[in-house]
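Student: Sharing a model that was predicted from the sequence below.
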Amino acid sequence: MNEENKTILLVEDNPDDVALTLRAFKRSHLMNPLAVARDGVEALDFLFARGAHAGRAGAPLPTLVILDLKLPKLDGLGVLKALRADTRTALLPTVILTSSKEEQDVVSGYSLGANSYVRKPVDFTEFVEAVKVLGLYWLALNQIPPSQTP
Amino acid sequence: MKISSKAKLAAVLMLGTMVLIAVSIVWADAQVRAAVAQRRHSAEIAAALNSMRMVTFEYLLNRRERARLQEQAVWQRLERLFETPVGLGSNAASILASLRSQGEASHRLFAEIDAAPAAAGATDDIRHRFEAQLSSRILILQQNSLVQAEQLIDDAGIRIDTTQRRVVVIIGTGLLAMATLTGVAAWLFRRDVLAPIARLELATREVAAGNWSFELDVGSADELGDVARHFDAMTRALKDSFDRLELSNRELAGLNKELESFSYSVSHDLRSPLRSMDGFSLALLEDYGDKLDDEARDSLQRIRGASQRMGRLIDELLGLARVTRAELKIQAVDLSEMAQDMASALAKSQPERQVRWDIEKGIIVQGDRALLAIALQNLLDNAWKFTSKVAEAVIQVGTRREDGRQICFVSDNGAGFDMAYASRLFGAFQRLHHEVDFPGTGVGLAIVQRVMRRHGWVLGAQAAIGQGATFHFRPMEHDDERREQNHPAG
């Protein structure tokens, strides 16, 4: 496990939400490098080092994946399904961070193997708080499974 | 032919046969009586003729005056008997007529013998020969009469026998006719009534089982044929309306699906811009706050406030939609316990407030726990909110009986409202107070109303400005039936 490079992969298509999440991370003093995938396919390319991200072959997997549900091409649940189906990413901590609080989304998220389900609050102060707690838990407290390279 | 006409015809035929049998019995009785009378009459005539023969014989032998007088008496008896009217057949009547003429002849001859001694001038020999001739004629006549009287008696016997035979034949034929009639009626009843009823029974069972295309298709023109045709018409009408219902159900399901995807979009897509508005306003405030004047900072705060408020509105709208969509799971729900928990939570949220809760124990209704919790929470939230400016706030949850039915209510002594606007109370986003005084989106009571409507209950309100408000609803008391329908397995 590479202690120096605790990358977080943020899968989010809305540039505003990307900027706000980045800002929330900064305000929560989370200094981890952040990679952004703008749709489901790009997220999988990044994780499995294919397509535009083929150059990543051999690079360590991110420590945490933050996944939006509503994404172009392949949606969040599709990404999650693909992650859990592959032995390399089956144990990768994945948190769903989305606007939806539809019961069906929460249930399908957990049943497909999400580690957490967090709803994005409209109030940015609450949002920063949520991201802070999330980062603290998943990046500092939680003992993550042994890392694997793609 | 109609079944009623057939039944009438059968009854008339049956009655006719019975009347025929009754008439024949009466006729036979009369015939037998007449024949018995004839036999007795004939026997009397025979007896009289026999006596006549005896006295005639005696007179011819001894010429005694007593015998002559006796002949007179017997003749009078015979004459009376001939005069007595007796119902006779034509044969018997002719025999009787002949008997009468012979009797008269023999009586005349007797008178001639009687007169013979007075004939003067006749010699004894001639007189004897004349008398012998007369005597033998009388005796032959009387012998003939006796034979004919016997015939008359026999005729009566024959008459009785004939009558009896006729009666047997008539009654036998009548009974046979009745038996045939009964058999035919039973067969017709089977064919025209029982068989169609069995078909109808089958049809009702088929239709009840959901086979809407079942047709009786009965051709008979009687009453049951009419019933069958009406039944077919009814089945067709039912099938049509069910088809229409199914169509609109499919349309509704489609609409529901659209609504769901709309809700999903609302929940996801409409919230994102709000988050951006709030987030970047805050970023401005945080990063450039010191360079902005108070007015600019106030504007940014207002943008944030509006974004957050719209976020809440969207959430409540989705909540309203969820209440409409949710599937009802009817069970016993303890409203008292639920209210008690909510009251504790509210008291904890604002510990500085002094509110007296008056919650009746053991209010149990049949309903959906989750939906009733949403409704009760909204009612209690309202009561809590609208009593915030009252010094001695009292919130009451209880029941009362009205027309023998249980009514549940939640009441407070808070701000209340003007009943003139009560009609707007349960509409979504309808508010009867200014947001400055009592914050809220105006969706709460709309949600309560929908929950009640889903249960088939009616929500009502009673209030006056400054005197608090009471919201009441009447839970169904025949929920057992509903529960059966929703959960057939129990």
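Tutor: That came in fine, so what should we check first? Numbering: from 1, shown residues only, chains lettered A, B, ... in the order given.

Student: Could you find the closest non-adjacent residue to the residue in chain B that chain A sits nearest to?
Tutor: The nearest approach of chain B to chain A comes at B:Gly311, 3.2 Å away (CB to the nearest CB). Every C-beta, even on glycine, is put in place using the N, C-alpha and C of the backbone. Of all residues not flanking B:Gly311 in the chain, A:Val122 sits nearest, at 3.2 Å (CB to CB, 6 or more residues apart in numbering or on different chains).

Student: Might you report the residue contacts of B:Arg191?
Tutor: Going by CB atoms under 8 Å, 6 or more residues apart in numbering or on different chains, B:Arg191 touches no other residue.

Student: Got the confidence number for it?
Tutor: On the pLDDT scale, B:Arg191 is placed at 86.

Student: Doesn't it belong to a strand?
Tutor: No: secondary structure of B:Arg191 (DSSP: H, G, I helix; E, B strand; the rest coil): helix, not part of a strand.

Student: so what's B:Leu445 up against?
Tutor: By CB under 8 Å, 6+ apart, the neighbours of B:Leu445 are B:378, B:382, B:425-426, B:430, B:471.

Student: Can you tell me which of those are buried?
Tutor: Neighbour counting with 16 or more other CB atoms under 10 Å in any protein chain shown marks B:378, B:382, B:425-426, B:471 as buried within these.

Student: In strands, which of those residues fall?
Tutor: B:Phe471 (DSSP state E).

Student: okay, the buried ones among the contacts of B:Leu445 in JSON lines with pLDDT and distance to A:Leu74 next?
Tutor: JSON lines is the format used below for the buried ones among the contacts of B:Leu445 (pLDDT from 0 to 100; distance: CB to CB, whole Å):
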{"residue": "B:Asn378", "pLDDT": "91", "distance to A:Leu74": "39"}
{"residue": "B:Asn382", "pLDDT": "88", "distance to A:Leu74": "45"}
{"residue": "B:Leu425", "pLDDT": "80", "distance to A:Leu74": "47"}
{"residue": "B:Phe426", "pLDDT": "80", "distance to A:Leu74": "43"}
{"residue": "B:Phe471", "pLDDT": "92", "distance to A:Leu74": "48"}
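
Student: Point out the residues in chain A that sit beside chain B.
Tutor: Contacts of chain A with chain B, taken as CB under 8 Å from any CB of the partner chain, map to A:14, A:16-17, A:19-20, A:23, A:69-70, A:98-102, A:120-125, A:127.

Student: If we use 7 Å, what do you get?
Tutor: Applying CB under 7 Å from any CB of the partner chain, we find that chain A lies next to chain B at A:14, A:16-17, A:20, A:23, A:70, A:99-102, A:120, A:122-125, A:127.

Student: For the stretch 151-300 of chain B, which segments count as helices?
Tutor: Taking DSSP state H, counting those that start in this stretch as the criterion, the stretch 151-300 of chain B carries its helices at B:195-208, B:223-265, B:271-288, B:294-325.

Student: Name the stretch among those that sits most buried.
Tutor: Neighbour counts (mean count of other CB atoms under 10 Å in any protein chain shown) averaged over each of the helices of the stretch 151-300 of chain B peak at helix B:271-288, with a mean of 19.

Student: in stretch B:439-459, what counts as buried?
Tutor: In stretch B:439-459, counting by 16+ other CB under 10 Å, buried: B:440-452, B:454-455, B:457, B:459.

Student: nope, stretch A:86-95 is what I was after
Tutor: A:89, A:91-95.

Student: Show the buried residues in the residues of chain A next to chain B.
Tutor: Looks like the residues of chain A next to chain B have A:14, A:17, A:20, A:23, A:70, A:99-100, A:102, A:120, A:122-124, A:127 buried, using 16+ other CB under 10 Å.

Student: Identify the farthest-apart pair in the residues you listed.
Tutor: Spanning the widest gap among these are A:Arg23 and A:Glu102, at 26.6 Å by CB to CB.

Student: Nearest to B:Leu371, out of the buried ones among the residues of chain A next to chain B: which one, please.
Tutor: When those are compared for distance to B:Leu371 (CB to CB), A:Glu102 wins out at 17.4 Å.

Student: tell me the contacts of that closest one?
Tutor: B:264, B:267 (CB atoms under 7 Å, 6 or more residues apart in numbering or on different chains).

Student: distance of it from B:Arg325?
Tutor: Plainly put, A:Glu102 is 11 Å away from B:Arg325 if you go by CB to CB, to the nearest Å.

Student: Over to B:Glu246?
Tutor: 21 Å.

Student: got it, and B:Ala375?
Tutor: For B:Ala375 relative to B:Arg325 (CB to CB), the value is 15 Å.

Student: quick one: the helices in chain A?
Tutor: A:15-27, A:40-48, A:76-85, A:103-111, A:124-135 (DSSP state H).

Student: for the stretch 1-150 of chain B, same thing?
Tutor: Going by DSSP H, counting those that start in this stretch, the stretch 1-150 of chain B shows helices at B:3-62, B:65-83, B:90-115, B:124-189.

Student: Would you mind putting those helices into a markdown table with distance to B:Leu292 and mean neighbour count alongside?
Tutor: As requested, the helices of the stretch 1-150 of chain B are arranged in a markdown table below (distance: least, CB to CB, whole Å; neighbours: other CB atoms under 10 Å in any protein chain shown):
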| stretch | distance to B:Leu292 | mean neighbour count |
| --- | --- | --- |
| helix B:3-62 | 99 | 16 |
| helix B:65-83 | 158 | 16 |
| helix B:90-115 | 149 | 16 |
| helix B:124-189 | 102 | 15 |
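
Student: re the thing from before, is it possible to get a markdown table of the helices of the stretch 151-300 of chain B that adds distance to B:Asn91?
Tutor: Converted to a markdown table, those look like this (distance: least, CB to CB, whole Å):
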| stretch | distance to B:Asn91 |
| --- | --- |
| helix B:195-208 | 58 |
| helix B:223-265 | 58 |
| helix B:271-288 | 127 |
| helix B:294-325 | 107 |
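
Student: Pipe these into a markdown table and attach mean pLDDT per row.
Tutor: Converted to a markdown table, the helices of the stretch 151-300 of chain B look like this (pLDDT from 0 to 100):
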| stretch | mean pLDDT |
| --- | --- |
| helix B:195-208 | 87 |
| helix B:223-265 | 86 |
| helix B:271-288 | 88 |
| helix B:294-325 | 85 |
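
Student: right, and these - which one's nearest B:Val74?
Tutor: Of all the helices of the stretch 151-300 of chain B, helix B:223-265 comes closest under CB to CB, at 77.6 Å.

Student: which helices and strands does that closest one pack with?
Tutor: If contacts are counted by 3 or more CB pairs under 7 Å, 6 or more residues apart in numbering or on different chains; DSSP states H and E, helix B:223-265 sits against helix B:195-208, helix B:294-325.

Student: can you rerun that using 10 Å?
Tutor: helix A:103-111, helix B:3-62, helix B:195-208, helix B:294-325 (3 or more CB pairs under 10 Å, 6 or more residues apart in numbering or on different chains; DSSP states H and E).

Student: Which parts of the stretch 351-490 of chain B are strands?
Tutor: Secondary structure of the stretch 351-490 of chain B by DSSP state E, counting those that start in this stretch: the strands cover B:355-359, B:364-368, B:393-402, B:405-412, B:459-463, B:469-473.

Student: Which one of those strands lies nearest to B:Ala111?
Tutor: Short answer: strand B:405-412, nearest of the strands of the stretch 351-490 of chain B by CB to CB, at 119.8 Å.

Student: buried stuff in the closest one?
Tutor: B:408-412.

Student: Could you list the paired strands of it along with their orientation?
Tutor: If you go by DSSP bridges, strand B:405-412 pairs up with strand B:393-402 (antiparallel), strand B:469-473 (antiparallel).

Student: and the residue of chain A found nearest chain B, what is it in contact with?
Tutor: Closest residue of chain A to chain B, CB to the nearest CB: A:Val122 (3.2 Å). A:Val122 makes contact with A:99, B:271-279, B:304, B:307-312, B:314-315, according to CB atoms under 10 Å, 6 or more residues apart in numbering or on different chains.
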